[in-house]
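Visitor: coords below, sequence missing:
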């Protein structure tokens with residue numbers, strides 16, 4: 001009887017094994033998709049993490065470039081202002097000797113009229129040399145052709161002694177620096 005019980009138990013165990021085996025297979029099959037999903041979730045999370053890291057790097061790069069450009073803009077503005085200030089200082093430095101000579105002439109009370117006249121002519125020559133050195137040119141002489149881009153006509157006369165649009169008289173000379181008109185010449189034009 002013991003043998004029968006043992007055989008019955010062994011048969012029962014085998015049936016259980018056979019019965020458990022399909023269930024175990026189903027569980028194993030269920031765990032495979034779950035593992036795949038978990039792996040997909042893990043890889044998606046890793047990918048999202050990488051993308052966030054790249055985004056942060058790009059944001060940091062953008063902020064650095066923006067700050068660098070802002071610094072460049074400020075530096076350029078300051079350099080521009082410095083150049084303007086330096087240019088003005090150079091012009092004033094060139095004109096100061098003329099001012100000094102005028103002060104000397106004004107302070108000399110013992111000089112005759114002829115000495116004053118000679119001193120003013122020397123100062124005038126000195127000032128014209130300074131203008132020439134800085135690139136300023138005078139224009140607007142009698143006999144020149146009238147150019148509305150450079151001359152300001154305040155009077156007009158009809159005369160057969162002069163050509164058409166000819167400058168007859170200059171009330172105030174014009175000055176230009178390169179191609180830029182600093183002051184228009186004030187003139188009288190014929191015909």
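Guide: On my side now, so go ahead. Since we're looking at a predicted model, the values are computed, not measured. Residues are numbered from 1 along each chain as shown.

Visitor: ok, the closest residue to residue 169 other than its chain neighbours - contacts?
Guide: Closest residue in space to residue 169, ignoring its immediate chain neighbours: residue 188 at 4.1 Å, by Cβ to Cβ, 6 or more residues apart in numbering. C-beta here means a position set from N, CA and C on the backbone, and glycine is covered the same way. By Cβ atoms under 8 Å, 6 or more residues apart in numbering, residue 188 lies in contact with 153-157, 167-171.

Visitor: so which of those residues sit within strands?
Guide: 153-157, 167-171 (DSSP state E).

Visitor: average pLDDT across the helix or strand hosting residue 66?
Guide: Using DSSP states H and E, residue 66 falls within helix 2-107. Average pLDDT, helix 2-107: 80.

Visitor: returning to what we had before: of the contacts of residue 188, keep whichever come out buried.
Guide: Using 16 or more other Cβ atoms under 10 Å as the burial test, these include 167-168, 170 as buried.

Visitor: out of those residues, who's nearest residue 102?
Guide: residue 170 (24.5 Å; Cβ to Cβ).

Visitor: so that closest one makes contact with residue 138?
Guide: No - counting by Cβ atoms under 8 Å, residue 170 stays clear of residue 138, with 10.0 Å between them.

Visitor: still on that earlier bit, following the helix holding residue 66, which helix or strand comes up?
Guide: With elements assigned by DSSP H and E, the helix or strand that comes after helix 2-107 is helix 113-133.

Visitor: what helices or strands is that next one leaning on?
Guide: Applying 3 or more Cβ pairs under 8 Å, 6 or more residues apart in numbering; DSSP states H and E, one finds that helix 113-133 contacts helix 2-107.

Visitor: roughly how far does the residue most central in space within the chain sit from residue 87?
Guide: Geometric centre of the chain, nearest residue: residue 73, 5.5 Å, by Cα atoms, centre = their mean. According to Cβ to Cβ, to the nearest Å, residue 73 stands 21 Å off from residue 87.

Visitor: do the same with residue 40
Guide: Look at residue 40 and residue 87: by Cβ to Cβ, they are 69 Å apart.

Visitor: the strand or helix carrying residue 188: partners in the sheet, and parallel or antiparallel?
Guide: Using DSSP H and E, residue 188 maps to strand 185-190. In the sheet, strand 185-190 lines up against strand 151-157 (parallel), strand 166-172 (antiparallel) (DSSP bridges).
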